[in-house]
Each structure stands twice: as structure tokens, then as C-alpha cells.
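Student: Pasting the sequence and the predicted model now:
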Amino acid sequence: MKKIKLQIELNNRPYSKDVIFAAVSLRGGYTTRNYLVNDSTHLVANCAFYNILFNYYRIENETNGYHFDVQRAVSTVSFCKKGAEFIPALKCILHTLFNHEYDAEKFEEAKQTTKESFALRYKDGAFRSKYKGFEFSDLNKRFTLKQLIDDIDSLTYEEFQKISKEIIVPGNVCVYISGETKELAFSDLSLEDFEEQFSQTVRIAGYGFDPYLRQDAHVTNKAREDHNLIIEAIDFLNKDCTNFAKLIITELLAEQIPAHDIDIWVDSLDASIMFSSEQLRGYKAFLSIDNEKAYNNAHKSLLTKYASLLENNPEHFVIKAAYMMSVGVYIDQYLEFLDKCSYELFVELCKKADYKITEAQIVLRKESR
């Protein structure tokens, strides 16, 4: 069987104090339950797997200094180290990931921590509404909040071990590094002990559905506080549309929305724009760039955000770059294309992508007494 190389992308950009930033991403997250292993074997896993796995790592002392982040369909370990400490730190996290030797008591402790943390956050209406929103935005994954809650409770030690051996493998890992990288000795990672794992590939899997069945929705629920969540789900009707094109289109369209803290998500199955809004109204009409002036404003704003992220928040930059790698988009190529992308080319991309936008509004209102 063909050997898979560990994917590592380098951004040779020196930072002050000789610091290097890195993110290690794995496909799969809290809306992801189904995987395709070696493009043939369908694996039904567990939505809570990565949350429990990362809490397991937090219990172990050797993961001090690492930051763990579980998103919808990618989970990331990030860190920053001085140049001389960097390769040992990267080696530590890779060896921890690929080891697959788990202690049953630590697993139960990690599972209990996950349950308690989720129960605490579940009391927050905005948190609940966002996870209900994922049922609309991540329709191709068939995510439901109930399934996630059930998965936290039902994952067993034996299932945890099995899932880990199937999906925590080099073929499911992307590493992005930003800093002074010319002197790094990657041969010192010493991954020979995990040689048998280098033949396995992992992809997230979903279910086909008719995108025309997804209709605009307005859901009202009672809560302790008022809150409005808007979800713009984007279905790309052209099945040959690449994740690269999907991300370009989605990010530029999102620049049109008059809101802050916008959550943009694109993976191989789903694409969406999600945000909170004090004003309850329809926002789908904003998701249109039909003239060059609007495009130029969105284009400039998006490029400025990436430049600011790289300069002022490098740890978040490498996390985003590693996530993009996991969906087959390489940030250096992406930014180079974005920089040169004209309005005419954007219009052509949109035409070929042939996308459909559907809006959902989740409205929380205080119960009147």
C-alpha cells in the first residue's frame, strides 16, 4: 500500500524573540460522526470523540503549553515555542497523537470533564442556539444537538480506542508552521515507530440530499435572555466546485454582512455564514456582490483581515491555515489568488459554482411572567 507523507506547510516569516507558531489539525469535530477510511471503509464514529480526546490530553502533564480547539469538522492542537524548542515540542504532540495507548481511568475522567463542561455551557441560550443552528448549517453531516448529547454520554473506552486507531493517523494530520523555519530539522521527529500508520487516509463523510429541500426557516424558543442567531447556508449546486472556490466565494460574500463576530465555515460537505444580530431581519439580500465597487470594498477588507491576522494574531493565523489545509486549501496559494482576483473573475467563479443561499433565524425570547 502506498505510503502517505505527513503534510507540513511552512511560512518562513521571522517573529520577534525567535518564536515559531504551529498548528496541527485533524479532520473531524463536534458535528462530524462519519468518516471514509482509505476511500473505501465507512466508519461511524462519535461527535464527542475529539472533545473527550483533547480533555484526555489535558490530563496528561506532557501537553502543558498546547492549546486544543475542537471545531465543526476539524480539531486543532496549536502552540508556540522558541526555535531551539520547536522540533521537540512538535515531536511531543505527534507522538502523543499517534501513540494510541490510553488509560481507562483517565478516559473516564476525560469523559466526565466533557459532560460537565458541556452541561455548564448548555445553560447559556446563545450556546444552545448556535448548536441548534448547526442542524441547519451542517445538514450534509446530519448533525443534531441530541446526537451530540447522546454521544458524550454513550462513548465507551473500547469505542474510544477503536476510533483513535482509525482516524488519529498521519494521513489525517496537517501541520502549518509560521516563523524562522530554515534551520528546523524535521528528521528529528522520529516517526519510525508509527510506520504502519502511514498508509491510511481519512476523510469526513456525509449524506447526499436535495439542496432544494432546504428552505428558509424561523424558529422561536424561550430562554433566559433575548438572542437572535442568523444562519446563511450556502449549497454549491455544481458538484465539481472546489473547496478553494467555495471558500473564496463564502468569505467575500460574508464581507457584505453588517455584523461582527461572523463565523464562516467551509468544508467538503457544508458551507455557511453564521452571526448574532441585535436587529431581527432578513440578511440574505446582503449576500450579493453585483457591482465592481462592492467587490473592491469586500476584496480590500478581506485581504486586510488576513494581513492583520498574520501580523497581530499569528497563533490564530496558523490555526486557520491548518484548517484550510484539512479541506485541501493552501493559504499561501489562496492569498496569492485572492490578491489578484478581479471582479470579473469573481463573477465567473460564482457563475460556475451555481450556489443557492438559504437563511435560518433562531430567535430566543425571555418568557413573559
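Tutor: Looks like it came in fine.
Student: Now do the buried residues in stretch 194-214.
Tutor: Neighbour counts over stretch 194-214 (16 or more other CB atoms under 10 Å) mark 194, 197-198, 200-206, 211, 214 as buried. (Each C-beta comes from the backbone N, C-alpha and C, glycine too.)
Student: Would you check which pair of those lies furthest apart?
Tutor: Using CB to CB, the buried residues of stretch 194-214 span at most 41.3 Å, a distance reached by 194 and 214.
Student: For residue 69, which non-adjacent residue is spatially closest?
Tutor: residue 76 (4.7 Å; CB to CB, 6 or more residues apart in numbering).
Student: Determine which residue lies closest to the centroid of the chain.
Tutor: residue 74 (4.0 Å; CA atoms, centre = their mean).
Student: Now the phi/psi pair for it, please.
Tutor: phi -150, psi 140 (degrees, to the nearest 10).
Student: check contacts around it.
Tutor: 25-29, 267, 322-323, 326-327 (CB atoms under 8 Å, 6 or more residues apart in numbering).
Student: now the helices for the stretch 151-300 of the chain?
Tutor: 157-167, 243-254, 292-312 (DSSP state H, counting those that start in this stretch).
Student: Pretty sure residue 68 sits against residue 76.
Tutor: Yes. Contact criterion CB atoms under 8 Å: residue 68 and residue 76 qualify, at 7.5 Å.
Student: Neighbour count for the two, which is higher?
Tutor: residue 76 (24 against 16; other CB atoms under 10 Å).
Student: can you pull the contacts of the more buried one?
Tutor: 23-26, 68-69, 319, 322-323.
Student: List the beta-bridge partners for residue 80.
Tutor: For residue 80, the beta-bridge partners are residue 21 (DSSP bridges).
Student: and it, how far is that from residue 86?
Tutor: Distance, residue 80 to residue 86, using CB to CB, to the nearest Å: 9 Å.
Student: same thing with residue 217?
Tutor: Residue 217 is 47 Å from residue 86, by CB to CB.
Student: higher neighbour count, these two?
Tutor: residue 86 (24 against 13).
Student: Look at that one and tell me its secondary structure.
Tutor: Assigned with DSSP: H, G, I helix; E, B strand; the rest coil, residue 86 falls in the helix class.
Student: wait, doesn't it sit right on residue 20?
Tutor: Yes. Counting by CB under 8 Å, residue 86 does reach residue 20; the two are 4.7 Å apart.
Student: Tell me how many other residues surround residue 302.
Tutor: Using other CB under 10 Å: residue 302 sits among 18 other residues.
Student: try the one 3 residues further on
Tutor: Residues contacting residue 305 under the criterion other CB under 10 Å number 12.
Student: hang on, isn't residue 328 packed against residue 243?
Tutor: Yes. Shown here, residue 328 and residue 243 form a contact pair, counting by CB under 8 Å, at 5.3 Å.
Student: between these two, who's got more neighbours?
Tutor: Neighbour count, other CB under 10 Å: between residue 328 and residue 243, residue 243 has more, with 17 against 13.
Student: How about the more buried one, nearest residue that isn't a chain neighbour?
Tutor: Per CB to CB, 6+ apart, closest to residue 243 is residue 327, 4.5 Å.
Student: Direction included, what does the helix or strand of the chain with the lowest mean pLDDT pair against?
Tutor: When the helices and strands of the chain are compared on mean pLDDT, DSSP states H and E, strand 217-223 comes out lowest with a mean of 84. Sheet pairing of strand 217-223 (DSSP bridges) gives strand 355-366 (parallel).
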